[in-house]
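*Asks:* Build me a model from this:
(2 chains)
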Amino acid sequence: MPEKYEIVRKKVLTPDISSISVYEPLIAKKARAGQFVILRASPDGERIPLTVSSVSEELVTVVYQKVGDSTMTLDELNEGECLTDLVGPLGVPTPVEGVKRAAVVGGGLGCAIALPVAKALHDAGAKVDLIGGFRTKDLVILEDEMRAACDTLYICTDDGSYGYNGFTTGKLEELLKAGETYDRVYAIGPLVMMKFVCRLTKPYDLPTIVSMNPIMIDGTGMCGCCRVTVDGKVKFACVDGPDFDGHRIDFDETIARASTYKEFEQRRRAEHKCRLEGMTNG
Amino acid sequence: MADMTPNKTKMPEQAPEVRNKNFFEVAKGYTPELAVKESNRCLGCRNPHCVEGCPVNVPIPDFIGHIQKGDFEGAYRVLSRANALPAVCGRVCPQENQCEGKCVRGIKGESVGIGNLERFVADWALEHNVANGEKAPANGHRVAVVGSGPAGLTCAGELARMGYSVTVFEAFHVAGGVLSYGIPEFRLPKSIVQKEAANLERMGVDIRLNMVIGKVLSVDELFEMGYEAVFIGSGAGLPQFMGIPGESLVGVFSANEYLTRINLMKAYKPDSPTPVFVSQKAAVLGGGNVAMDAARCARRMGADVHIVYRRGEAELPARAEEVHHAREEGIQFDLLCNPTEILGDEKGRVRAMRCVRMELGEPDASGRRRPVPIEGSEFEMEVDTVIVAIGTSPNPLIRSSTPGLETNKRGCIVTSETGATSREGVFCGGDAATGAATVILAMGAGKTAAKSIDEYIRNK
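*Replies:* Below you'll find the model as predicted:
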């Protein structure tokens, strides 16, 4: 039997994105689509919040991108090694009940989270269009899994190297203009993408749920770091979300808040690379 | 014959201009000689008022009597039977309002330094590996404790001593609750908190980290797992904000966030991977102990720090000692001053705070004189950081996931004097029941609840 928090499976999806499946039956049993976990990869490490991509009986799978020092440290762990900490499931599950026809829009790494949302909707009987956007063909992840979780999968690439030539908003607009009607749209990905999906669906009066992933520490409502303004009111993404009505979110404020520690992170990332190169050079 | 020196034996401290640049403990503790000297100031009253003033009723003259004889181990045995976290209490209890506030020596001079002596004895025991683990034979009953802060750890320790098998569930990756994430290293070294927690583990208490009750397991599921009673000591961790414009600008933090980054996540260490905001000039809103902690941390991180509080000096809720320490470390106090708006630059970062001067009017519901704005006194204070330390309320995770658990309009779990809640077998104490209060009151509540839980299980 694997140890608690052991990485049982690790898959490299692109040079920057990997998925790990971690042994923690308690969380695996409880986690629902849209919920997240917080992990630490080393005894002095940061708390990294990651939305659950899938669960099986005993394994919790998350997908991460090596964007900073902490995710680079996480990536140094291999199968058979253990995370230092794993806590969850946190946040409120994505609401899927009562939806008959849904469009789920994922952008880049967000597709790893769009996947369980599409699957939950599909399992609940909804007809689901899944639109997954990537920069280019080589960066497409989880295509087979996404295809199995929806009725129609549309892959989009910014450079047109695969699937639809353009952004996910372009594809969604095309579908809406062609007369597709949805009960609800779910958008999960970069803040800018979610902002523009909401801008597109607003004139259609089409309810749109977005999944926020602001900076957070505890994930239980304690630090207030993850606050977002919804309809002029302060909400905590960790306990009130991470899903919110996208038409009521102050995206510009959220985008500014996401840059709070930009300089610190750039410096840490550079230092991490130096440490790695230092090791390989001798 | 008691030493009739009117003043307390002073505890050596780091000089203000040195300590405001480091996170080492401010007060260095008594040496054995200083401790014996101070202990001799205790009259050993037959009817000791100090004990009445202690929420956990430590037999104070008794443990001090052992110090007088140089029997530090004996002193620790007495102390630790009544107090599960003596090294913590010796540092953070507001003794001036409790034991020391009632000491007869305080009438004509300074009270006996009970807190200092408590700390000395507890530190001596930790250093000499003297455990307080008198473990009773297992009685076969299981109790779950939610939260490993002062209330939870005390309740767990008391129950373990009675023979219960106790599991403590902690949401964070470290035990201690506010002792770990809130109170800074320079006031309460985290190694002390971990040693106190380890002491409880030696007594058989099982502390399970990374367990958010209300999420991974509900209170009802704990009963299904065979726990016969549940103690909720989940604290008051939800930060309140002012509700003024600009509070979501980059550079505005809750004290909880700021302190958690620095204390729990060790952002004060130069090589820590946890980011912390680099501030030139920080305003800390509020006048309580948490505000002092946040201000003193920001000062140590290199900022010019201002405490901004809407009432006056006399109304500051923080301990006098904390205010004194903060002032010594170069923190400015802008009293009778209330922020009305936080102003940002074009990038959404804090650039200033608009404030209004206040004056004190008639007493309000709290009995304190109500601050009222002075018309036309608005001004802008240039700051790049605002830390909001105006209070916290109980976290909703437990109440929203536990049917039948009565709470009041402030979100506090309603309890009887014995710590019983509206749900059979569920007990609660500390900030989760009272709203934000002190470490020692939470410990007192944990101790009371442990007694009630014992009665409840024995009569079941």
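*Asks:* show me the contacts for the residue nearest to B:Glu247 when sequence neighbours are not counted.
*Replies:* Excluding its sequence neighbours, the residue lying closest to B:Glu247 (CB to CB, 6 or more residues apart in numbering or on different chains) is B:Phe241, at 5.1 Å. (Each C-beta comes from the backbone N, C-alpha and C, glycine too.) Applying CB atoms under 8 Å, 6 or more residues apart in numbering or on different chains, we find B:Phe241 in contact with A:Gly224, A:Val234, B:Glu247, B:Ser254, B:Val388, B:Ile390.
*Asks:* Between which two of these is the distance greatest?
*Replies:* Greatest spacing in the contacts of B:Phe241, by CB to CB: A:Val234 and B:Ile390 (13.9 Å).
*Asks:* of those two, who's got more company?
*Replies:* In this view A:Val234 and B:Ile390 are compared by other CB atoms under 10 Å in any protein chain shown, and B:Ile390 has more residues nearby, 19 against 14.
*Asks:* what about the spatially closest residue to that one that is not a sequence neighbour, neighbour count?
*Replies:* Spatial nearest neighbour of B:Ile390, chain neighbours left out: B:Gly286 (4.5 Å); criterion: CB to CB, 6+ apart. Neighbour count for B:Gly286, taken as other CB under 10 Å: 25.
*Asks:* is it true that B:Gly286 touches B:Arg310?
*Replies:* No - the pair B:Gly286 / B:Arg310 is not scored as a contact, 9.1 Å apart, by CB atoms under 8 Å.
*Asks:* could you measure A:Ser18 against A:Pro116, distance?
*Replies:* When distance is defined by CB to CB, to the nearest Å, A:Ser18 is 17 Å away from A:Pro116.
*Asks:* Between these two, which has more neighbouring residues?
*Replies:* Between A:Ser18 and A:Pro116, counting by other CB under 10 Å, A:Pro116 is the more crowded of the two (27 against 19).
*Asks:* Next, give phi and psi for the more buried one.
*Replies:* When read as degrees, to the nearest 10, the backbone of A:Pro116 gives phi -70, psi -30.
*Asks:* Which residue is the nearest non-sequential neighbour of it?
*Replies:* Excluding its sequence neighbours, the residue lying closest to A:Pro116 (CB to CB, 6+ apart) is A:Ala33, at 4.0 Å.
*Asks:* same question, B:Ala160
*Replies:* Nearest one to B:Ala160, counting by CB to CB, 6+ apart, is B:Met203 at 4.5 Å.
*Asks:* Number of residues surrounding the one you found?
*Replies:* 20.
*Asks:* In contact with the residue nearest to B:Ile390: list those residues for me.
*Replies:* Applying CB under 8 Å, 6+ apart to B:Gly286 gives the contacts B:Ala255, B:Ile307, B:Tyr309, B:Val388, B:Ala389, B:Ile390, B:Gly391.
*Asks:* hmm, which two among those are most spread apart?
*Replies:* B:Ile307 and B:Gly391 (15.0 Å).
*Asks:* Of these two, which one has the most company?
*Replies:* Between B:Ile307 and B:Gly391, counted using other CB under 10 Å, B:Ile307 has the larger neighbour count: 27 against 18.
*Asks:* tell me which parts of the stretch 51-200 of chain A are close to chain B?
*Replies:* Proximity of the stretch 51-200 of chain A to chain B, by CB under 8 Å from any CB of the partner chain, involves residues A:Asp69, A:Ser70, A:Thr73, A:Thr84, A:Asp85, A:Leu86, A:Val87, A:Gly88, A:Pro89, A:Leu90.
*Asks:* okay, the nearest residue to the fourth one once chain neighbours are set aside: pLDDT?
*Replies:* In space, A:Thr84 comes closest to A:Arg40 once its chain neighbours are excluded; the distance is 4.4 Å by CB to CB, 6+ apart. Among the per-residue scores, A:Arg40 holds a pLDDT of 96.
*Asks:* And the residue of chain B found nearest chain A, how far from B:Met1?
*Replies:* The nearest approach of chain B to chain A comes at B:Gly348, 3.2 Å away (CB to the nearest CB). Look at B:Gly348 and B:Met1: by CB to CB, they are 68 Å apart.
*Asks:* Same check on A:Asp69?
*Replies:* Taking CB to CB, one finds A:Asp69 at 63 Å from B:Met1.
*Asks:* Of those two, give the one with the bigger neighbour count.
*Replies:* Ranked by neighbour count (other CB under 10 Å), A:Asp69 and B:Met1 place A:Asp69 first, with 23 against 4.
*Asks:* Below-threshold pLDDT in chain B: ranges please.
*Replies:* Within chain B, the ranges that satisfy pLDDT under 70 run B:132-134.
*Asks:* need the longest strand for it.
*Replies:* In chain B, with assignment by DSSP state E, the single longest strand is strand B:350-363.
*Asks:* Who are the contact partners of B:Val146?
*Replies:* The contact partners of B:Val146, taken as CB under 8 Å, 6+ apart, are B:Gly152, B:Val168, B:Phe169, B:Ile213, B:Val219, B:Val230, B:Phe231, B:Ile232, B:Gly233, B:Ser234, B:Ile398.
*Asks:* so the first one touches B:Phe231, yeah?
*Replies:* Yes - in this structure, B:Gly152 is within contact of B:Phe231 by CB under 8 Å, at 6.8 Å.
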